[in-house]
Structures are given as C-alpha cells and as structure tokens.
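Enquirer: Pasting the sequence and the predicted model now:
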Amino acid sequence: MAKKNRGKGLWNLESRGRGTCPICKTTRVKVLYDTVTENGTVKVCKKCK
Ligand SMILES: [Zn+2]
C-alpha cells in the first residue's frame, strides 16, 4: 500500500491516473483518492481528499 499513488504504478490506471476531479472540476489532475459521498465512492484529487 505504500506510495500506491506514485510512480510507475499509475501508468496502469485509466488515463494514467489523470482526469477531472468531480468536486473542484480541475482537469488533468491526478484523480487518485477514494472519497465516499452520498452518491457513492468517487475518485477525487489530492486537494479534495
Ligand atoms: Zn478536486
């Protein structure tokens, strides 16, 4: 689990871990962090974690 959101492991992810954060709407950020919302679990950026 250490550093799971860093390094080469990201390259296996969809869009290499980058996308649009559903909360702050920032595009091309790394969207790596699971957060539970009323709509279920979503991936958000580091700032919105
Ligand atoms: Zn965000």
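Expert: Good, I have the coordinates. No experiment lies behind these values; they were computed from the predicted model shown.
Enquirer: alpha carbons only for contacts and neighbour counts from here, please
Expert: OK.
Enquirer: how near is the most far-flung residue of the chain relative to its centre to residue 24?
Expert: Using Cα atoms, centre = their mean, the residue of the chain lying farthest from its centre is residue 38. It sits 17.6 Å away. Going from residue 38 to residue 24 by Cα to Cα, to the nearest Å gives 16 Å.
Enquirer: what's next to stretch 30-47, contact-wise?
Expert: 5, 17-23, 29, 49 (Cα atoms under 8 Å, 6 or more residues apart in numbering).
Enquirer: Check which residues of it are buried.
Expert: 30-33, 42-45 (16 or more other Cα atoms under 10 Å).
Enquirer: what's the first-to-last distance across it?
Expert: Stretch 30-47: ends 10 Å apart by Cα to Cα.
Enquirer: can you tell if it touches the ion?
Expert: Yes - contact of stretch 30-47 with the ion (Cα under 5 Å from the ion) involves residue 45.
Enquirer: Find out how far that stretch is from the centre of the chain, if you would.
Expert: Mean C-alpha position of stretch 30-47 versus that of the full chain (Cα atoms, centre = their mean, to the nearest Å) differs by 6 Å.
Enquirer: Next: stretch 18-34.
Expert: Centroid separation for stretch 18-34 versus its chain: 6 Å, with Cα atoms, centre = their mean.
Enquirer: can you give me the strands in the chain?
Expert: With DSSP state E as the criterion, the chain has strands at 18-19, 29-37, 40-45.
Enquirer: any chance of those in CSV, plus distance to residue 12 and mean pLDDT?
Expert: Shown next, in CSV, are the strands of the chain (distance: least, Cα to Cα, whole Å; pLDDT from 0 to 100):
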stretch, distance to residue 12, mean pLDDT
strand 18-19, 11, 91
strand 29-37, 12, 90
strand 40-45, 16, 91
